[in-house]
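**Student:** Got a sequence here, can you model it:
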Amino acid sequence: MLLSLSLAFLFCQKIELKQVTDSSQIFKGEIAGIPVTIQLHYDGIPDCNLYQHFVDGWYYYDKYQKKIPLTGLYDYGKLSLYNFGSKHKQSSKQFKEKINSPQDVEKVVEIAKNLAPKETILFGQNPTQENPIPGSFYLENKDKTQPAKLFTGNDMIYRYNNYLILPNNKRINTFDIINLYGGNELISYASGEKGNRVLLYFEHSSNLNACGRCGASEGEKGYRILYFTKDWNYKRYEEFLTESCMENIYDTTQTKSKDGKTIQYKIRKSDSYPAHTLTVDIKNASVTKSK
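**Tutor:** Residues are numbered from 1 along each chain as shown. Next up is the predicted model:
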């Protein structure tokens with residue numbers, strides 16, 4: 001009786017997955033210890049790599065809220081921002097016209113310097129991931145550099161967010177806990193003795209760099225099980241690939257049961273995995289791996 005009531009309660013609770021692609025971000029931070037707000041939006045890519053994209057926007061000191069225009073580039077976590085003063089619009093256009101390849105991206109600071117920016121703000125130049133993200137602020141004709149910081153651990157502007165809306169007014173974003181690619185679809189959810197679990201199916205690109213390894217492939221496909229406590233606190237996830245360019249998994253065969261409650265995948269031997277079978281139990285939100 002208690003188990004029946006628990007299951008009834010679980011399925012009365014609504015769980016949703018919402019896909020939201022963000023092309024702009026608002027960050028809080030500091031320059032020389034003074035609070036600032038920075039808004040940046042995505043403005044295209046120099047070549048074929050979404051890990052490297054142009055940004056436009058503004059920042060202001062929170063006390064005065066006078067917007068100062070910015071243009072720049074996001075490059076694998078490094079954020080280079082510039083204000084060109086009275087010629088900002090013209091110089092911003094020239095800045096972007098001079099950056100057309102990965103080689104140009106490597107010279108972004110030099111390219112901007114030749115356009116004589118009035119202000120320069122650089123974040124995340126150190127490859128180690130930190131929160132807050134440290135940075136530096138430079139004024140034209142000033143030798144002294146001021147410290148800067150962003151109160152975030154990820155300064156990527158273009159984001160594939162997949163929000164999982166959970167009971168108890170909780171939600172998580174697969175962008176934060178799984179990867180940057182999105183492409184998740186909610187299949188089912190269930191409850192067990194050790195807590196709750198959610199079954200997702202995913203299809204997404206293998207590489208956000210379309211010119212890189214597997215960038216032009218059919219991508220990655222498979223299932224993920226997300227595990228939660230009974231109070232819907234996130235614990236961990238498991239991933240089961242059915243097709244993958246990165247792991248060289250192809251020619252998978254799929255068989256559905258007559259009642260549609262289970263799907264079986266026969267996975268061929270690949271460079272990374274021996275041949276195996278995945279059985280997806282939709283009703284119980286589970287995946288079983290066998291030889």
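**Student:** Can you tell me the centre-most residue of this structure?
**Tutor:** Leu180 (2.9 Å; Cα atoms, centre = their mean).
**Student:** Would you enumerate the residues in contact with that one?
**Tutor:** Taking Cβ atoms under 8 Å, 6 or more residues apart in numbering, we find Leu180 in contact with 156, 159-160, 208. Placement of C-beta: from N, CA and C, glycine included.
**Student:** ditto for Lys291
**Tutor:** Here Lys291 is in contact with 274-277 (Cβ under 8 Å, 6+ apart).
**Student:** can you give me how far stretch 103-114 is from the chain middle?
**Tutor:** 26 Å (Cα atoms, centre = their mean, to the nearest Å).
**Student:** Ok, stretch 225-234 next?
**Tutor:** Here stretch 225-234 shows a centroid-to-chain-centroid distance of 21 Å under the convention Cα atoms, centre = their mean.
**Student:** Tabulate the CA atom coordinates of that stretch in CSV.
**Tutor:** Coordinates of each C-alpha in stretch 225-234 appear next as CSV, following Å, rounded to 0.1, in the frame of the first residue of the first chain:
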residue,chain,number,x,y,z
ILE,A,225,20.1,8.2,-16.6
LEU,A,226,20.1,11.0,-14.0
TYR,A,227,20.0,9.8,-10.4
PHE,A,228,18.4,11.9,-7.6
THR,A,229,17.7,11.5,-3.9
LYS,A,230,14.1,11.0,-2.8
ASP,A,231,14.0,14.8,-2.3
TRP,A,232,15.2,15.3,-5.9
ASN,A,233,18.7,16.4,-5.0
TYR,A,234,21.0,15.6,-8.0
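**Student:** ok, of the contacts of Lys291, which one's closest to Arg236?
**Tutor:** Nearest to Arg236 among the contacts of Lys291: His276, at 21.2 Å, using Cβ to Cβ.
**Student:** Helices along the stretch 51-200 of the chain, start to end?
**Tutor:** With helices called from DSSP state H, counting those that start in this stretch, the stretch 51-200 of the chain shows them at 88-97, 102-106, 108-113, 174-177.
**Student:** Please render the ones you listed as a markdown table that adds mean pLDDT, distance to Tyr59 and mean neighbour count to the earlier fields.
**Tutor:** Formatted as a markdown table, these follow (pLDDT from 0 to 100; distance: least, Cβ to Cβ, whole Å; neighbours: other Cβ atoms under 10 Å):
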| stretch | mean pLDDT | distance to Tyr59 | mean neighbour count |
| --- | --- | --- | --- |
| helix 88-97 | 98 | 13 | 15 |
| helix 102-106 | 95 | 22 | 15 |
| helix 108-113 | 96 | 16 | 17 |
| helix 174-177 | 96 | 24 | 18 |
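**Student:** Is it possible to get JSON lines of those helices that adds distance to Tyr76?
**Tutor:** Putting the helices of the stretch 51-200 of the chain into JSON lines (distance: least, Cβ to Cβ, whole Å) gives the following:
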{"stretch": "helix 88-97", "distance to Tyr76": "18"}
{"stretch": "helix 102-106", "distance to Tyr76": "9"}
{"stretch": "helix 108-113", "distance to Tyr76": "12"}
{"stretch": "helix 174-177", "distance to Tyr76": "16"}
